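In: sequence first, predicted model second:
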Amino acid sequence: MGALYYTNNIQGPLISALNYLKSNYHNSTEFIQDNIDKHIFQADSIASLKEKLQKYENNHLVMQQMASEVNDLFKANNSKLKADPKVELVRAISYEKFGNLNRVWIDAKDYNSSKIYGLTYNELVAGIVVPENGKALGLLNRDIQSSYAVFVGKKRAPGIAHGNNAKNLVVKFIPAWFEIEEGDEVVTSGLDRIFFKGLKVGRVLSVKKSQGYQNAIIEPYYESNDPNYFYMIKRVK
């Protein structure tokens, strides 16, 4: 109750202590479950993990080769640009408050509270991570304060995706001269330096013009029914 309703000076230490306990609880339950799985489903798990590992290793090598070639190209042209993205696996500890399913505390190592990070799940945009009392707070897509830059449709109309505290999202400030149609796909633009370019957000349900711009209602791909593990984009380039 103190972590929910008291002033920030009291909330900070309480939230830190509670999140520490929750994190240790999750670590303990996962350790127990992992050991049970190892003994009961060991053979099937090993076979499945080997197959996945081969796939991930192949993809990792391909990505490393592409990044190396891009960096070599930058050097050959005396460019100061470089490709060195960084992504971290993080865990949702708990909801921030009772009844609000759009905000979760994130257990992230070496968290820099001066930055905003992108949050993804299975290569889909899940939301953003912002500082709250110096801790990492995940604002899932539908949260009204979750926003990031996107492209809409094949012609890559720029816009800003916002949560709406409802089932669907809204993309605002789409220039009026772009033709937006129902079913157009929405992806991240990467121009906000929060997400990589081209991550999938959702599809257009309807479009409405307002004051020289267009607003589009978006059906998101990511469903936040059971927030657990995410990937947090710590560095785009």
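Out: Looks like it came in fine.
In: CA atoms for contacts and neighbours, from now on please.
Out: Fine.
In: quick one: least confident helix or strand in this structure?
Out: Least confident helix or strand of the chain, by mean pLDDT, DSSP states H and E, is helix 2-5 with a mean of 56.
In: can you name the next helix or strand after that helix?
Out: Sequence order places helix 8-40 as the next helix or strand after helix 2-5, per DSSP states H and E.
In: mind checking how far that next one is from the chain centre?
Out: On the basis of C-alpha atoms, centre = their mean, to the nearest Å, helix 8-40 sits 21 Å off its chain's mean C-alpha point.
In: for it, packing partners?
Out: Packing partners of helix 8-40 (3 or more C-alpha pairs under 8 Å, 6 or more residues apart in numbering; DSSP states H and E): helix 2-5, strand 86-95.
In: nearest to Met232, of those?
Out: For those, the distance to Met232 is smallest for strand 86-95, at 5.2 Å, taking C-alpha to C-alpha.
In: name the helices or strands packed onto the closest one?
Out: helix 8-40, strand 103-107, strand 229-235.
In: for Arg203, name its beta-bridge partners.
Out: When bridges are called by DSSP bridges, Arg203 pairs up with Glu185, Glu219.
In: from what I see, it and Asp184 are in contact.
Out: Yes. Under the criterion of C-alpha atoms under 8 Å, Arg203 makes contact with Asp184 at 5.6 Å.
In: so between these two, which is more surrounded?
Out: Using other C-alpha atoms under 10 Å as the criterion, Arg203 and Asp184 rank with Arg203 on top: 23 against 18.
In: now do the contacts for the more buried one.
Out: Counting by C-alpha atoms under 8 Å, 6 or more residues apart in numbering, Arg203 makes contact with Glu182, Gly183, Asp184, Glu185, Val186, Ile218, Glu219, Pro220, Tyr221.
In: and the first one, what helix or strand is that in?
Out: In this structure, Glu182 sits in neither a helix nor a strand according to DSSP H and E.
In: give the contact list for it.
Out: Arg203, Val204, Leu205, Ser206, Val207.
In: thought the third one was touching Pro220?
Out: No. With contacts counted by C-alpha under 8 Å, Leu205 stays clear of Pro220, the gap being 10.1 Å.
In: please identify which of the two sits among more neighbours.
Out: Comparing Leu205 with Pro220 by other C-alpha under 10 Å, the one with more neighbours is Pro220, at 22 against 17.
In: now that one: closest residue in space that isn't a chain neighbour?
Out: Spatially, and ignoring its direct neighbours in sequence, Pro220 is nearest to Gly202 (4.1 Å; C-alpha to C-alpha, 6 or more residues apart in numbering).
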